[in-house]
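# quick one, what's the 3D model for this:
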Amino acid sequence: MTTWMRGVLLVIWLAGVSWLWHAGVLGSAATLAAFALGFAALAWTSTWSRRRRSALRYIEMGKQPVSLL
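Now for the predicted structure:
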């Protein structure tokens, strides 16, 4: 998932939680916990995708080194 898509999903999540807080369904502590969960999910998915992308590198094998002479 791309970074901007994760950002859009985070904004939708925060808007939904804010609406539930404004409607009186969630208390202040639950709202803050949901905000923290949203930011943690955003940070966790980006570190996971970066780690996965860096692990998939193409390695050329069987070629001789090129000399500078």
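# can you map out the helices along this protein?
All helices of the chain, identified by DSSP state H, fall at 3-23, 28-55.
# measure residue 3 to residue 43 for me?
From residue 3 over to residue 43 the distance is 12 Å, taken as Cβ to Cβ, to the nearest Å. Bear in mind the C-beta positions are built from the backbone N, C-alpha and C, glycine included.
# again, but for residue 32
16 Å.
# same question for residue 31.
Residue 31 sits 19 Å away from residue 43, going by Cβ to Cβ.
# please identify which of the two sits among more neighbours.
Set side by side, residue 31 and residue 43 show more neighbours around residue 31, with 17 against 11, by other Cβ atoms under 10 Å.
# what sits closest to that one if chain neighbours are left out?
Counting by Cβ to Cβ, 6 or more residues apart in numbering, residue 31 lies nearest to residue 21, which is 4.3 Å off, once chain neighbours are set aside.
# tell me who's in contact with that neighbour.
Neighbouring residues of residue 21 by Cβ atoms under 8 Å, 6 or more residues apart in numbering: 27, 28, 31.
# check what pLDDT the closest residue to the first one other than its chain neighbours gets.
It refers to residue 27. Nearest residue to residue 27 in three dimensions, chain neighbours excluded: residue 21, at 7.8 Å (Cβ to Cβ, 6+ apart). What the model reports for residue 21 is a pLDDT of 93.
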